[in-house]
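Engineer: sequence first, predicted coordinates after that:
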Amino acid sequence: MSSFESTFPTRIVYGYRSVDRVGLEARRIGLKGRCMLVTGRSFARSSGYLDRIKSILEAEGYDVYVFDRVKPNPTIVDVEDGVNQARAIGIDFFVAFGGGSAIDTAKMVSVASSLGGSIEDYLYPRIVDEPIKPVVAIPTTCGTGSEVTRYAIVTIGFRKLIVAGWSLVPRIAILDPETLRFLPADQVAYTGVDALTHGLEAYFNRNASILSDIYAIEAIKVVLRNLEDAYKGLMEAKAMLLYGSMNGGFAINMTGTTMIHGGGYYLTAKYGLPHGLANALILLPILKLNMEAQSDRAIKLASILGLPAFDFKNASSSILEAIASIMDRIGIPVGLEAAGIPIEDIGRIAEEALTYRRNLENNPRSLGLDELVDVFRSVYRSRGV
């Protein structure tokens, strides 16, 4: 059995209307003082959640300061804006309400405001081990898993860079399916595929272990069984995706992500594609290569999913076909061309993907520039398999 290590510091509170417990849960773990409520520019306010959460926290005796300028794919400037406010006010802990960008921003603002300096001082390969001010995470999408992970992503130019360390894991994650009620169908699709890729990348990974497999397989099963119904608007399916996303987060905490993420980062940073969509567009050919490198695990996974698994060829084909079929039914565009990516940029896209060494090292199949160019060419007008 392979070795592994993990830490599970997050208290999970899952259920409808669990948002209403945010003040009680903060008090339960001893949080005191001034709270910064970190969120985006529109949904929290228009939905009424901003005032609701603020009132709940204030009723528990907390002083609440709102930072509602989070943008998708936060930059250094965005993070430093929050850091400056947190320092000026003397914030003691953070409540993040939103998708991965809001939660990641809260984590990074906590790091820099707690430890000093700029968030650029804490970029990987530095690992943040020092204690930081606590973060309470309330996700409003069903894909990033950031509410339980030790990672935060910041955009610098056309690169997606990471801040990592067990100190970043939120102390409390409140998973309220009701927050997904008005999530647009395309965002359900993109974030749901992101959760699926977390499971697949943790399972087909050089760092996979008997423990990470538990969470990775659960994430894969839950997303595949519920994504289409969630896309159609069924609340119970959305609730299951929220649970599946959490499991994907637990899985990548132990393994990291692979070149599905590494290949997608530039597509988001350069062309503005949503993160989950970028992953979806290149998922299948990279997954195919990684299954070839871990063929026994592909057969095992197909069997667990109830798919044909007579041999590797049969198992890998059934997994790829199942995923492609779901992507077709939830409106994922077919090919980079459909997403507006110029064909003449493929060489540069492949070169940028190669710079994500952490993802390359986790990938079970070694990939060079020629193979990555082939991958991106294969998905230009098709799903690549």
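Structural biologist: Good, I have the coordinates.
Engineer: using CSV, write down the CA coordinates of stretch 323-340.
Structural biologist: Extracted in CSV, the C-alpha atoms of stretch 323-340 (Å, rounded to 0.1, in the frame of the first residue of the first chain):
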residue,chain,number,x,y,z
ILE,A,323,-18.1,11.5,-19.9
ALA,A,324,-18.4,12.7,-23.5
SER,A,325,-22.1,11.8,-23.5
ILE,A,326,-22.8,13.9,-20.4
MET,A,327,-20.8,16.8,-21.7
ASP,A,328,-22.9,16.7,-24.9
ARG,A,329,-26.1,16.8,-22.9
ILE,A,330,-25.1,19.7,-20.6
GLY,A,331,-24.1,22.0,-23.4
ILE,A,332,-20.3,21.9,-23.1
PRO,A,333,-19.0,23.3,-26.4
VAL,A,334,-17.2,20.9,-28.7
GLY,A,335,-13.6,22.0,-29.3
LEU,A,336,-11.4,25.0,-28.7
GLU,A,337,-12.6,26.6,-32.0
ALA,A,338,-16.1,26.8,-30.6
ALA,A,339,-14.7,28.6,-27.5
GLY,A,340,-13.0,31.2,-29.7
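Engineer: and that stretch, what's its mean pLDDT?
Structural biologist: The predicted model gives stretch 323-340 an average pLDDT of 98.
Engineer: can you list the buried residues in it?
Structural biologist: 323, 324, 326, 327, 330, 332, 334, 336, 339 (16 or more other CB atoms under 10 Å). All C-beta spots, glycine's among them, are computed from the backbone N, C-alpha and C.
Engineer: let me know the closest of these to residue 163.
Structural biologist: residue 339 (27.8 Å; CB to CB).
Engineer: check the residue located most distally from the centre of the chain and give its pLDDT.
Structural biologist: Distance from the C-alpha centroid of the chain, by CA atoms, centre = their mean, peaks at residue 310 (32.9 Å). Listed pLDDT for residue 310 reads 92.
Engineer: the closest residue to residue 100 other than its chain neighbours: neighbour count?
Structural biologist: Excluding its sequence neighbours, the residue lying closest to residue 100 (CB to CB, 6 or more residues apart in numbering) is residue 144, at 3.2 Å. Residues within reach of residue 144, counting by other CB atoms under 10 Å, total 28.
Engineer: show me what contacts residue 144?
Structural biologist: Contacts for residue 144 (CB atoms under 8 Å, 6 or more residues apart in numbering) come out as 99, 100, 103, 191, 194, 195, 245, 249, 275.
Engineer: now, which of the buried residues of stretch 323-340 sits nearest residue 71?
Structural biologist: Nearest to residue 71 out of the buried residues of stretch 323-340 is residue 339 (CB to CB; 20.6 Å).
Engineer: any figure for the gap between that closest one and residue 79?
Structural biologist: For residue 339, the distance to residue 79 equals 27 Å [CB to CB, to the nearest Å].
Engineer: again with residue 219
Structural biologist: Where residue 79 is concerned, residue 219 sits at a distance of 28 Å (CB to CB).
Engineer: who's more crowded, those two?
Structural biologist: Set residue 219 next to residue 79 and count neighbours by other CB under 10 Å: residue 219 wins out with 30 against 26.
Engineer: what helix or strand is that one on?
Structural biologist: According to DSSP states H and E, residue 219 maps onto helix 210-231.
Engineer: same for that helix, what does it pack against?
Structural biologist: On a contact count with 3 or more CB pairs under 8 Å, 6 or more residues apart in numbering; DSSP states H and E, helix 210-231 meets helix 185-203, helix 235-255, helix 295-304, helix 312-329.
Engineer: so what's the gap between it and the chain middle?
Structural biologist: 14 Å (CA atoms, centre = their mean, to the nearest Å).
Engineer: what of stretch 5-15?
Structural biologist: 16 Å.
Engineer: repeat that for stretch 253-260.
Structural biologist: 11 Å.
Engineer: what average pLDDT does that stretch get?
Structural biologist: 97.
Engineer: check stretch 123-142 too.
Structural biologist: In the prediction, stretch 123-142 has an average pLDDT of 97.
Engineer: how long is it end to end?
Structural biologist: One end of stretch 123-142 sits 26 Å from the other (CA to CA, to the nearest Å).
Engineer: next, count neighbours for residue 199.
Structural biologist: 28.
Engineer: hmm, residue 249 and it touching each other?
Structural biologist: No. Contact criterion CB atoms under 8 Å: residue 199 and residue 249 do not qualify, at 10.0 Å.
Engineer: in contact with the residue nearest to residue 335 when sequence neighbours are not counted: list those residues for me.
Structural biologist: Leaving aside its chain neighbours, residue 335 sits nearest to residue 381 (4.4 Å; criterion: CB to CB, 6+ apart). Residue 381 is in contact with 334, 335, 337, 338, counting by CB under 8 Å, 6+ apart.
Engineer: quick one: which of those sit in helices?
Structural biologist: Applying DSSP state H to the contacts of residue 381, no entry is found in helices.
Engineer: dump the worst-scoring helix or strand of the chain on mean pLDDT to CSV, keeping only the CA atoms.
Structural biologist: The helix or strand of the chain with the poorest confidence is helix 43-46; it has a mean of 93 (mean pLDDT, DSSP states H and E). The C-alpha coordinates for helix 43-46 follow below in CSV (Å, rounded to 0.1, in the frame of the first residue of the first chain):
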residue,chain,number,x,y,z
PHE,A,43,-25.1,37.8,-6.3
ALA,A,44,-24.6,38.1,-2.5
ARG,A,45,-26.3,41.5,-2.4
SER,A,46,-29.1,40.9,-5.0
